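Chemist: requesting a structural model of the entry that follows:
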Amino acid sequence: MNTAAATGSASCRFAHYFVVCGVDTETGLEPDDGAGEGFEHSPVRRSFKSKVLAHYPENTDRNPFNKDAVNMLCMPRGLSFRTQADRLDPQFHSFTISFDDGTRSYGFVHTFYEEVTSPQIITAMQTLCQMHHVEHHSSSLASSPSSSSSSASSPSTSSSFDPTRDTLYVSKALCLVTPLPFLQASRQFLVQLHQAVTSQTAPPLPLESYIHNILYEVPLPPPGRSLRFHGVQGPILCQRPGPGELPLGEYPLGDAFSLLGVDSMVKLLTCALLETQVLLYSSDYQRLMTVAEGINTLLFPFQWQHIYLPIISAPLHHLLDAPVPFLMGIQRRDGAQRSSLNLPHEANLCFVDIDNHCVEAPEDLPQFPDQTELIQELSEVLLQFGLPPQGGVIAKPTTASSSSPRLSSLVLEDLMEDRRNGNLGGEELAVLERLQALARRCGGGKMSDGGKTLGHVFEEEEEELKAAKLNIQLREVFAGRFAAMFGRYDDFVIHSALDLDSWLTNREGMFNFDKGSFLSVQPASHLHFLSRFLETSMFSSFVDGKVISRWADREPLQQLFDSRLERERLYDTGSEDSCSCLYRKCTTLFESGTVKVCILSRCQTIERRLLKADHTAIHPHLLDMRIGQGRHHPGYFPKLQADVLAQAQNTNKWSSRVTASRRSEPKRSTCVCQKTHTQISMQASRGVCLICYLFIQQKYTFARKNLRQSKLLDLTPQAITQTHREFVDGLLSECRLKTKRMLKERMGKESVELGQGEASITGLQENTLIHGLCDLLERTWGHGLQVKQGKSALWSHLLHYQAAQGKTEAPAESPGQNQRTVDDGALPLRGSLIQDMRFIQTMSEGLSDVGQARAWIHLALEKKILSQHLKELLTNQELLRDKCIKRDFACLSLGIPYRVVIIPMKKLSIAMATVDPWVCVSGELGDSGVRQIPKNTQEIFFQCKNLGRLSTLQLGQENSGLLAKCLIDCVMVYNEITGHTYKFPCGRWLGKGVGDGSLERVLIGQLVSPGAEEDAGRLTGTPPPELASPSQSVRTVLGSLGSRMPFVEVQEDMREAVNNLVKHFHKPEQERGNLTVLLCGEGGLVLCLEKFLLHGLKSNRLFQRNVFVWDFVEKAVASMETADQMGDLHGSTLTKGPPCDLLCHYVSTINASPRNIGKEGKFQLFVCLGIRDRLLSLWLPLLADCPLTARTYEDGALLRDRAAVHSLSRMLHTLNDFAITLETALVKGVDL
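Modeler: Reported below is the predicted structural model:
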């Protein structure tokens, strides 16, 4: 037995990274915007953003650490909080990350709950719970006062948190990232690590020693060997298949078959082989990974070439819109139904509901060759291992409860290691049993948590061995089927290129496989499946590998498959015709002696490796740590010492343990070909480095680079947009290749060149290509689709088009209209498309939506007018906008067309001829700049960068004459790309000598329904009151009510406005609305404060002229300045100081602004600046104490009520805790 070390490069280590994810106490709680949870959930039940707290090492050469991706995959739902009343069982799941060169790394995550000790986090959670309780109580009172009192008085303890009563726990994740899927070993290491943390007894060594050991001193097991290394509490064994065995696959296929059943698993594998879109759905992350990896291992010798994300979190759900094949998994929310997913593509989607044990396959899915016999053989294998073939069995829960042996005596532990290594005989085993019994009688049976008796240890080993044997037998069954179907595939590979350069240059136009000849020798029952499988990317990549093997070594999977085929041919003495060959089981092959080392020998090989370790890694040891580090605190994972884990510590003491055989191994080549070809010999790799590099680059270009998972996991808007653009580019390229191929098939060129003339085969291949074209069109029409009927996106669009055309053709046509013809003699395009649809609908006879869409495409191809039909569909931009694209990508930098329409009051619309208006539209991403509206017109059309969601609009006019005035009702703004319509209510005059004399107004926008586009002057529904700009009618009422406004109503409105602002800043950032609306909109702070100051204001109101608060503010400031100059301030309650100076300075600066925004606009600016700079609460008492106030206000006015002023000042003071940022449109031209 050898002792091995891994002090070299990261490529030969067992693990690449150790990661800790959890709550960052420095940044505090940050709501997880993408979790899909609303504000109505209790904070204890919400998800919060997690952070990568630590990862070691910082980086490796070939696998750079992607912090955001690893954090998202470690904790897909973010942080979870619990109390002592909840279950705190640890959970386990795994994930995979694909790199640009096609390699993968595997992550194994142990998630547990740790008590929160940070006072900031506890206080924040308590505050959130109190806010939620008040909000819930208020809404309950509003909906049902009688029933809410009892429920509010006794809140649910499971969703509330009281630090005096409850203990708060938060999830934390420990993750190990490895280059190979060492599922069992990684799980055992993490479980032992967590058990050492929760144990009352400190581990023998600091945790840094064990983590450093697995990162830098435990190597990868050599191929065909097993390796033993040490966790915190016991030895751990891992093994690696040899060169002649199937690749490593530790994910239990028995669990996948138990969950879905044999029939469903075969159906799912068929969908994966035909590269349909596969979506896995389960509440358990590990089930998603188990089924996905199970399908992936059963594809041997082929490899999935498209998007592979077995676990995606809520922020990545936009990838479901990808118009390319994918294999993805999403978690089922509590109580969620499939209908809530809003899947855009269903015509070619395989939906796998793992929890309900069902698979919904696409229509017209061909059967897998010899499917009945295959299911029978798989069922027999499962029955041998005691598993029911029908499925529906709930697999073992993924709680991290299973662990490696934890013995109470180090002596017993050493004996167990000897037993595992096969160094104990039968007599010694009996002695070991007696020692174990003696240890139990003497107190050794009282083991710490997780301890197991020797019998339990043996049972776990037997279960692990049983699962490994079942994996081998199930994989061998499928490998045998592929060997039977493609046993002579190399006879049909076409080697037409003389060298690699010419092959790469002409790759797109070359035919590398004689599909017609291959199909001609296959059984008739296999043709439907094989004809479609030969068109997939995985088969094309497989054939490309065979072609490239003329100039470079084959890939390991293909080399293994070819060697198996060659060995089988040596024993295959039969001369059966492949068209009539019978199904042969793998067990039959073994019994007949055809493959003497097929299943039994492989099972014996893996059993030998699991029962006896071939190599032992260096034991964990003390590191050079600072004094005081590594202290044990039960229940808390410690903060690790980074300097000892950042890099390997190579000392003579430990490196000397490397065996001589290890030292004598030749140094691995670092050329590019090593990234993919892990077993290329030194001589071959030196000769073909450049060739391998070119091949790898070209191969993944053919696959449209869909393996770049790091880019798919990037959540920035620019990356999302770029990803979807690449999807679209790849889709268009695939469409071009398919149509070119169909044209050649139609013309018979391929059949002539290859000497094939069978009409049935040519027709079969043509039908297969047409089926592929139908799938491409479905994916094209499904991309970005928001409104859909049924499963077919194309047929849904056709039905909407038919309905729209029916509306336009409803009026009576002229007598000669039906006699029109096109100049070239073709039928009218519109009638032809509608006629074809009606023909399909008449002859459908129960066809589904997908079937009708495919029938329509077939008919159009036969009539040679498919391109004309598609052009006609695409010319209807209004239908495309309404039904397909209703999405505002915030990162679009292209020009977006906007249309602005000014709506005057109908009675005074003629006055628009006297004004020269301009507008400036602002949104969350910027503003359009000043846009001049042509004279005598009421609208303007312009293009500018994407403004995002619109919020404000500045409306002004250049003509300052007394006759240039107009009463504006509202302004409508249309986004011509998204179809969004925004209304900016005004209801006030624009011009001098009327109203407040404003030549410029800032209006607040609201998004209205699309029906408003048909009639800009009327809304289809009543908008929310808080979204409208203060209208002229409101201003008129305010100016005329005076002291008649109810005292209590004004104060209540003021409290509501302040409360809305406080709730705005306590909401998660994603749920916040528009702050400008809360400040300046209907019911906002500005309007409520105006009500307060208008209450009791004296006015002679001659000719019913409006009263403006700004008049009082100006006079009050002038009175203060005059009194200050004359020294009269000491005679009043008003005190001179910085607040008084700032009040005068702000008012004078606003009056000096070059903008002519009128008195209402100046008061709005005054309030916004005061609340932004935390001065408004100080200014109100100054205005109340001003001597002018007693002469201007009545005795019962609110401003003269000291209690009311003090209460209002306190409310405004609460807003000083928040950082308020004002839009540029509000403060333009004022430098304060």
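
Chemist: got a list of what Leu1169 touches?
Modeler: 1146, 1150, 1175, 1222, 1227, 1230, 1232 (Cβ atoms under 8 Å, 6 or more residues apart in numbering). Every residue, glycine included, has its C-beta placed from N, CA and C.

Chemist: now with 7 Å, please.
Modeler: 1146, 1227, 1232 (Cβ atoms under 7 Å, 6 or more residues apart in numbering).

Chemist: shouldn't the first one be in contact with Val1230?
Modeler: The one in question is Tyr1146. No: in this structure Tyr1146 lies outside contact range of Val1230 using Cβ atoms under 7 Å: 9.0 Å.

Chemist: just the helices in the stretch 201-350 of the chain please.
Modeler: Using DSSP state H, counting those that start in this stretch, the helices of the stretch 201-350 of the chain run over residues 207-212, 253-260, 262-273, 285-298.

Chemist: who wins for proximity to Trp781 among those?
Modeler: helix 262-273 (20.8 Å; Cβ to Cβ).

Chemist: please, which helix or strand holds the nearest residue to Leu1175 once chain neighbours are set aside?
Modeler: With sequence-adjacent residues excluded and distances taken as Cβ to Cβ, 6 or more residues apart in numbering, Leu1175 is closest to Leu1142, at 5.9 Å. Using DSSP states H and E, Leu1142 maps to helix 1138-1151.

Chemist: please work out the average pLDDT along that helix.
Modeler: Mean pLDDT, helix 1138-1151: 88.

Chemist: and what of stretch 1176-1183?
Modeler: On average, stretch 1176-1183 scores 90.

Chemist: same check on stretch 780-800?
Modeler: Mean predicted lDDT for stretch 780-800 stands at 71.

Chemist: swap in stretch 837-853?
Modeler: In the prediction, stretch 837-853 has an average pLDDT of 73.

Chemist: again with stretch 620-639
Modeler: 78.

Chemist: kindly report the same for stretch 238-250.
Modeler: The pLDDT scores in stretch 238-250 average 88.

Chemist: if we can go back for a sec, compare Tyr1146 and Val1230 and say which one has the larger neighbour count.
Modeler: Looking at Tyr1146 and Val1230 with other Cβ atoms under 10 Å, you find the greater number of neighbours at Tyr1146, namely 21 against 18.

Chemist: from Pro219, how far out is that one?
Modeler: Using Cβ to Cβ, to the nearest Å, Tyr1146 is found at 71 Å from Pro219.

Chemist: tell me which element Glu463 is part of?
Modeler: Here Glu463 is assigned to helix 454-485, by DSSP H and E.

Chemist: now for that helix, which elements pack on it?
Modeler: helix 253-260, helix 285-298, helix 371-384, helix 556-571, helix 586-591, helix 600-611 (3 or more Cβ pairs under 7 Å, 6 or more residues apart in numbering; DSSP states H and E).

Chemist: using a markdown table, lay out those together with mean neighbour count and mean pLDDT.
Modeler: Below are the helices and strands packed on helix 454-485 laid out as a markdown table (neighbours: other Cβ atoms under 10 Å; pLDDT from 0 to 100):
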| stretch | mean neighbour count | mean pLDDT |
| --- | --- | --- |
| helix 253-260 | 25 | 92 |
| helix 285-298 | 24 | 94 |
| helix 371-384 | 17 | 92 |
| helix 556-571 | 16 | 83 |
| helix 586-591 | 17 | 48 |
| helix 600-611 | 16 | 76 |
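
Chemist: distance to Ile840 added to those, as CSV?
Modeler: Below are the helices and strands packed on helix 454-485 laid out as CSV (distance: least, Cβ to Cβ, whole Å):
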stretch, distance to Ile840
helix 253-260, 35
helix 285-298, 35
helix 371-384, 31
helix 556-571, 44
helix 586-591, 46
helix 600-611, 53
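
Chemist: which one of the ones you listed lies closest to Leu365?
Modeler: Leu365 lies closest to helix 371-384 among the helices and strands packed on helix 454-485, at 11.0 Å (Cβ to Cβ).

Chemist: show me what the closest one is packed against.
Modeler: The contact analysis (3+ Cβ pairs under 7 Å, 6+ apart) places helix 371-384 against helix 262-273, helix 454-485.

Chemist: and the helix holding Glu463, what's buried?
Modeler: 454, 457, 460, 464, 467-485 (16 or more other Cβ atoms under 10 Å).

Chemist: helices along the stretch 751-900 of the chain, start to end?
Modeler: 759-782, 793-808, 829-843, 849-862, 866-875, 877-883.

Chemist: in TSV: those helices, plus distance to Thr1076 and mean neighbour count.
Modeler: Formatted as TSV, those follow (distance: least, Cβ to Cβ, whole Å; neighbours: other Cβ atoms under 10 Å):
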stretch	distance to Thr1076	mean neighbour count
helix 759-782	37	20
helix 793-808	37	18
helix 829-843	47	15
helix 849-862	45	20
helix 866-875	39	15
helix 877-883	28	15
